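S.K.: here's a sequence, model it:
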Amino acid sequence: MSSGSSAGGEVPGTGSATKGSPTPSSDDKQNEKARVSRTSLILWHAHQNDATAVRKLLDEDPYLVHARDYDNRTPLHVASLHGWIDVAKCLIEFGADVNAQDRWKNTPLADAEGAKKPNMIELLKSYGGLSYGHPVMGQTGSHFEPKPVLPPLPNKCDWEIDPSELDFSNSSIIGKGSFGEILKAYWRGTPVAVKRILPSLSDDRLVIQDFRHEVNLLVKLRHPNVVQFLGAVTEKKPLMLITEYLRGGDLHQHLKEKSALSPSTAINFALDIARGMAYLHNEPNVIIHRDLKPRNVLLVNSSADHLKVGDFGLSKLIKVQNSHDVYKLTGETGSYRYMAPEVFKHRRYDKKVDVFSFAMILYEMLEGEPPFSSYEPYEAAKYVADGHRPIFRTKSCLPELRDLTEKCWAADMNQRPSFLEILKKLEKIKETLPSDHHWNIFNS
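M.R.: Numbering: from 1, shown residues only. Purely as a prediction, here's the structure:
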């Protein structure tokens with residue numbers, strides 16, 4: 001965790017009383033509330049394009065210009081990504097490091113270039129901004145993390161794959177990401193999915209660190225509703241991660257073709273997702289997915305009778321000391337349309353962010369269109385963070401399913417049920433389906 005983050009992105013209002021004051025005054029409480037929430041606030045106001053609020057915070061505490069979230073992103077990273085010129089100028093005026101690097105070594109300029117924000121690119125370059133991968137001089141100051149230590153890999157003899165065993169002669173690209181691509185290939189005659197790191201990034205220390213992190217997670221996972229890890233190439237380049245190949249494609253494509261699902265099919269699908277997530281959320285070693293969305297839910301076959309949760313590139317394995325622990329994880333991690341409000345606001349959060357994303361998927365299965373489909377993804381996340389939720393329009397939606405969805409997307413993450421509770425509720429709804437909703441996975 002970065003030392004530049006004074007408050008750690010805590011939820012405003014959760015601070016304790018001032019030390020030595022058994023009956024704190026309302027002023028003390030207000031001061032404490034302001035102190036613990038400043039890091040969250042400056043990141044939030046940078047999101048909101050509120051230069052006046054950013055300036056006010058910096059006038060009170062200039063060091064907030066170096067505030068960092070879990071992924072080491074600064075307010076200038078946030079402003080650059082969205083092209084907020086006035087906010088960026090204010091941050092630079094207060095001494096923001098234009099070449100600050102996040103955990104992937106991206107600078108604010110790299111974010112602006114990726115988001116195609118020409119005015120921001122010009123501004124950052126005028127202050128000496130450099131792109132991703134350029135040597136960054138003068139990296140000093142307490143807000144920089146030390147060089148990452150690569151995590152050790154578990155015993156490789158069981159799963160290290162010789163790349164010569166992978167047949168790419170009839171391969172096809174089934175997905176692309178920032179650091180590589182996912183291909184359908186063959187391993188010992190069996191179709192597999194191969195996540196292949198771009199050769200240009202195979203020497204990047206932080207990319208290697210994230211790759212190893214994902215391998216470490218996947219090696220431990222064994223569940224019928226979680227995509228099965230088969231092996232990895234870690235001793236030769238390019239680095240590759242091999243999982244089972246699921247012929248049915250992803251839920252996003254399925255919903256695009258089918259539109260709204262029948263209540264029975266939606267329940268069947270929801271049960272599979274919830275079973276996989278309940279397994280991942282099992283304490284004390286909780287895995288928070290952080291990017292649960294239809295594209296990351298895969299159909300085993302074209303009959304669509306079995307679903308698995310996949311893509312753990314953004315997941316975090318966390319040792320839980322207390323079932324009510326919250327964590328200072330990444331603000332703005334995952335896909336905006338399915339993102340929990342506390343993530344968008346750079347607040348502390350826990351595994352219930354996945355429950356929120358599950359609710360948005362359940363809504364999409366029942367309604368046949370993504371939540372807030374008329375909004376751009378970022379605007380949809382902002383609208384949700386402001387307290388809005390999608391409206392149910394489908395007449396055939398069961399009241400019990402609607403009620404469950406609404407509980408899962410509660411603004412207060414503590415009010416959302418766990419996946420074990422969700423499973424019990426879904427099983428109960430399934431048992432009480434009226435006779436005209438016979439269980440038939442092919443009727444949608």
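S.K.: drop to CA atoms for contacts and neighbour counts, all remaining ones
M.R.: OK.
S.K.: tell me the domain ranges of this protein?
M.R.: Here the chain is described, according to automatic domain parsing, as comprising the domains 1-146, 156-244, 251-437.
S.K.: tabulate the ones you listed in a markdown table, adding columns for mean neighbour count.
M.R.: Output for those, formatted as a markdown table (neighbours: other CA atoms under 10 Å):
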| stretch | mean neighbour count |
| --- | --- |
| domain 1-146 | 19 |
| domain 156-244 | 17 |
| domain 251-437 | 19 |
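S.K.: let's verify I121: helix, strand, or coil?
M.R.: Of the three states, I121 takes helix under DSSP: H, G, I helix; E, B strand; the rest coil.
S.K.: thought it was touching E113?
M.R.: Yes: in this structure, I121 is within contact of E113 by CA atoms under 8 Å, at 6.4 Å.
S.K.: list phi and psi for D250.
M.R.: D250 has phi and psi values of phi -110, psi 170 when expressed as degrees, to the nearest 10.
S.K.: could you say what helices and strands the strand ranked longest in the chain packs with?
M.R.: Secondary structure assigned by DSSP state E gives strand 166-176 as the longest strand of the chain. Contact analysis of strand 166-176 by 3 or more CA pairs under 8 Å, 6 or more residues apart in numbering; DSSP states H and E lists strand 180-187 as its packing neighbours.
S.K.: neighbouring strands of the strand it packs on in the sheet, and parallel or not?
M.R.: Strand 180-187 has the following strand partners under DSSP bridges: strand 166-176 (antiparallel), strand 190-197 (antiparallel).
S.K.: need the contact partners of it.
M.R.: Among residues not part of strand 180-187, those counted as contacts by CA atoms under 8 Å, 6 or more residues apart in numbering are 165-176, 191-198, 245.
S.K.: put the alpha carbons of it into PDB.
M.R.: Coordinates of each C-alpha in strand 180-187 appear next as PDB, following Å, rounded to 0.1, in the frame of the first residue of the first chain:
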ATOM      1  CA  GLY A 180      -1.900  -9.900 -24.800                       C
ATOM      2  CA  GLU A 181      -4.500 -11.900 -26.600                       C
ATOM      3  CA  ILE A 182      -6.500 -15.100 -25.900                       C
ATOM      4  CA  LEU A 183      -6.500 -17.700 -28.600                       C
ATOM      5  CA  LYS A 184      -8.200 -21.000 -29.300                       C
ATOM      6  CA  ALA A 185      -5.300 -23.500 -29.800                       C
ATOM      7  CA  TYR A 186      -4.700 -27.300 -29.300                       C
ATOM      8  CA  TRP A 187      -2.700 -29.000 -26.600                       C
END
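S.K.: quick one: mean pLDDT over it.
M.R.: With pLDDT averaged residue by residue, strand 180-187 scores 90.
S.K.: how about the strands paired with strand 180-187 in a markdown table, adding distance to L130 and mean pLDDT?
M.R.: As requested, those are arranged in a markdown table below (distance: least, CA to CA, whole Å; pLDDT from 0 to 100):
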| stretch | distance to L130 | mean pLDDT |
| --- | --- | --- |
| strand 166-176 | 25 | 89 |
| strand 190-197 | 23 | 92 |
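S.K.: H346 is nearest to which of those?
M.R.: Proximity to H346, assessed across the strands paired with strand 180-187 by CA to CA, is greatest for strand 166-176 (26.4 Å).
S.K.: pLDDT weak spots in the stretch 301-444 of the chain?
M.R.: Judged against pLDDT under 70, the low-scoring parts of the stretch 301-444 of the chain cover residues 313-334, 434-444.
S.K.: would you map the strands across it?
M.R.: Using DSSP state E, counting those that start in this stretch, the strands found in the stretch 301-444 of the chain span residues 307-309, 316-319.
S.K.: dump the helix or strand harbouring L91 to CSV, restricted to CA.
M.R.: When elements are defined using DSSP states H and E, L91 is found to belong to helix 85-93. Written as CSV, here are the backbone C-alpha positions of helix 85-93 (Å, rounded to 0.1, in the frame of the first residue of the first chain):
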residue,chain,number,x,y,z
ILE,A,85,-8.1,19.7,-18.6
ASP,A,86,-9.0,22.1,-15.8
VAL,A,87,-8.6,19.4,-13.1
ALA,A,88,-5.2,18.4,-14.6
LYS,A,89,-4.0,22.0,-14.7
CYS,A,90,-4.9,22.5,-11.1
LEU,A,91,-3.1,19.3,-10.0
ILE,A,92,0.0,20.2,-12.0
GLU,A,93,-0.1,23.7,-10.4
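S.K.: that helix: what's the following helix or strand?
M.R.: Trace forward from helix 85-93 with DSSP H and E and the next one is helix 108-114.
S.K.: now D386: how far from W44?
M.R.: When distances are taken as CA to CA, to the nearest Å, D386 and W44 turn out to be 12 Å apart.
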